[in-house]
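> Could you look at this predicted model? Sequence included:
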Amino acid sequence: VQLVESGGGLVQPGGSLRLSCAASGFTFSSYEMSWVRQAPGKGLEWVSDISSGGGSTYYTDSVKGRFTISRDNAKNTLYLQMNSLDHEGTALYYCARVLYWPPPTWDYWGQGTQVTVYS
């Protein structure tokens, strides 16, 4: 199993970024997937979830209306569109494969992609 994130970078407040996570080594379309982030000096924070088929999505309250999770099962790729970013968006963002829920439990993680919101 391999998960490889990309798309992070520097962005000013109010800006947008689109993260991608390329999955391989397993049947991507069979698994629910998550985005999880870790801000500097803080613990892991679940951000968003998407069902295996993409029909159901879930978000932590702080990103609702600004972030959109999606997936392309034909391309084995997970996405996170992040709009109206603020300083709280500064974090290392991971994609993770859901093992079961609840509680949120993941069995594979990517290496993360850094998002830095600066002004």
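In hand now; what should we look at?

> Tell me, how many residues neighbour residue 71?
Here the number of neighbours of residue 71 (other CB atoms under 10 Å) works out to 23. The way it works is simple: take the backbone N, C-alpha and C, and place the C-beta from them, glycine included.

> Give the bridge partners for it, please.
On the basis of DSSP bridges, residue 71 is bridged to residue 78.

> what's the residue closest to the geometric middle of the protein?
For the chain, the residue lying nearest the average C-alpha position, counting by CA atoms, centre = their mean, turns out to be residue 35 (2.6 Å).

> give the contact list for it.
Applying CB atoms under 8 Å, 6 or more residues apart in numbering, one finds that residue 35 lies in contact with 19, 21, 47-49, 69, 78, 80, 93-96.

> any idea which of those is the one closest to residue 40?
Distances from residue 40 to these, taken as CB to CB, are shortest for residue 93 (12.9 Å).

> would you say that closest one is within a strand?
Yes: in this structure, residue 93 lies within a strand as judged by DSSP: H, G, I helix; E, B strand; the rest coil.

> How much space separates it from residue 29?
Counting by CB to CB, to the nearest Å, the gap between residue 93 and residue 29 amounts to 22 Å.

> out of these two, which sits in the more crowded spot?
Set side by side, residue 93 and residue 29 show more neighbours around residue 93, with 23 against 14, by other CB under 10 Å.

> who's the more buried one bridged to?
When bridges are assigned using DSSP bridges, the partners listed for residue 93 are residue 37, residue 113.

> let's have the chain start at 777 instead
With 777 as the first residue, the last one maps to residue 869.

> thought it was touching residue 782?
No: at 10.4 Å, residue 869 and residue 782 do not qualify as touching, with contact defined as CB atoms under 8 Å.

> so what's in contact with those two at the same time?
Shared contacts of residue 869 and residue 782, defined by CB under 8 Å, 6+ apart, comprise 795, 889.

> Give me the number of neighbouring residues for the nearest residue to residue 809 once chain neighbours are set aside.
Leaving aside its chain neighbours, residue 809 sits nearest to residue 854 (5.0 Å; criterion: CB to CB, 6 or more residues apart in numbering). By the measure other CB under 10 Å, the count of residues near residue 854 is 29.
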